[in-house]
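Colleague: got a sequence here, can you model it:
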Amino acid sequence: MKQICQTSRLIIREFTRNDAKFIVRLLNEKSFIENITDKQVRTIADAENYLATGPMANYKDYGFGLHAVVLKSDEISNKETLIGMCGLLKRPELAYPDLGYAFLPEYCGKGYAFEAVDATLRNEVTRHSLAKVLAVTSLTNQSSINLLKKISFSFKGSMEIYGETSNVYEYSA
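Modeller: Predicted structure coming up:
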């Protein structure tokens, strides 16, 4: 598994099929379904398909994708604790890659999202020579809106994506 970057507390690495159990849990969290969408991933087989056709396909096609966010403190015990995902996506509806992230509820409010987003954004912008990165949020996801502003994204407007009106933010490198 390929490590993308790290912070003092986190390792951000590519997903593998072995992460399917975690994906089932994360994608079925109430916060994920309410703030992102219901991906209809209910089984390990669904999660393996999601990983193969989503993040892992994006690694091949674009050189980037959503990545696993792992607690670094568990390196010593040789145990891996996945707490979320963070990375860039390429959606056909958007002119530039967009930032995506989601964390298990018990790891929210501890600065992990900021840490992962900041490190991932800096790494991927440099690695792929990106001039701009977008981010899409639901209209009511105030936590994500605040995080994007803290990372220097600016509000660009609203658009309909996947049948819902969303806010669009832009980061210029």
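Colleague: residue ranges with poor pLDDT in this protein?
Modeller: Per-residue confidence for the chain (pLDDT under 70) gives these ranges: 74-77.
Colleague: any chance you could map the helices in it?
Modeller: 20-27, 30-35, 44-53, 55-62, 112-127, 142-150 (DSSP state H).
Colleague: redo those helices as TSV? Include mean neighbour count.
Modeller: In short, each C-beta sits where N, CA and C put it, glycine included. Shown next, in TSV, are the helices of the chain (neighbours: other C-beta atoms under 10 Å):
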stretch	mean neighbour count
helix 20-27	19
helix 30-35	14
helix 44-53	16
helix 55-62	15
helix 112-127	20
helix 142-150	16
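Colleague: okay, those in TSV with distance to Glu170 next?
Modeller: Listed next are the helices of the chain as TSV, based on distance: least, C-beta to C-beta, whole Å:
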stretch	distance to Glu170
helix 20-27	26
helix 30-35	20
helix 44-53	27
helix 55-62	19
helix 112-127	12
helix 142-150	10
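Colleague: ok, which of those helices comes nearest Leu134?
Modeller: Leu134 lies closest, by C-beta to C-beta, to one member of the helices of the chain: helix 142-150, at 10.1 Å.
Colleague: and the angle for that closest one with helix 112-127?
Modeller: Put simply, helix 142-150 runs at 40 degrees to helix 112-127, going by axes from the mean of the first three to the mean of the last three C-alpha atoms, to 10 degrees.
Colleague: heads up, I number from 862, so please use that
Modeller: Yes, from this point I'll number from 862; that puts the last item at helix 1003-1011.
Colleague: with just CA atoms, put helix 1003-1011 into PDB.
Modeller: Extracted in PDB, the C-alpha atoms of helix 1003-1011 (Å, rounded to 0.1, in the frame of the first residue of the first chain):
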ATOM      1  CA  GLN A1003     -21.400  24.100   8.500                       C
ATOM      2  CA  SER A1004     -18.400  22.000   9.700                       C
ATOM      3  CA  SER A1005     -17.100  21.500   6.200                       C
ATOM      4  CA  ILE A1006     -17.800  25.000   5.200                       C
ATOM      5  CA  ASN A1007     -15.800  26.300   8.200                       C
ATOM      6  CA  LEU A1008     -12.900  23.900   7.400                       C
ATOM      7  CA  LEU A1009     -12.800  24.900   3.800                       C
ATOM      8  CA  LYS A1010     -12.600  28.600   4.700                       C
ATOM      9  CA  LYS A1011      -9.800  27.800   7.300                       C
END
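Colleague: outside of it itself, list whatever touches it.
Modeller: The contact list for helix 1003-1011, computed with C-beta atoms under 8 Å, 6 or more residues apart in numbering, reads Asn896, Leu960, Cys969, Ala974, Phe975, Val978, Ala996, Thr998, Ser999, Asn1028, Tyr1030.
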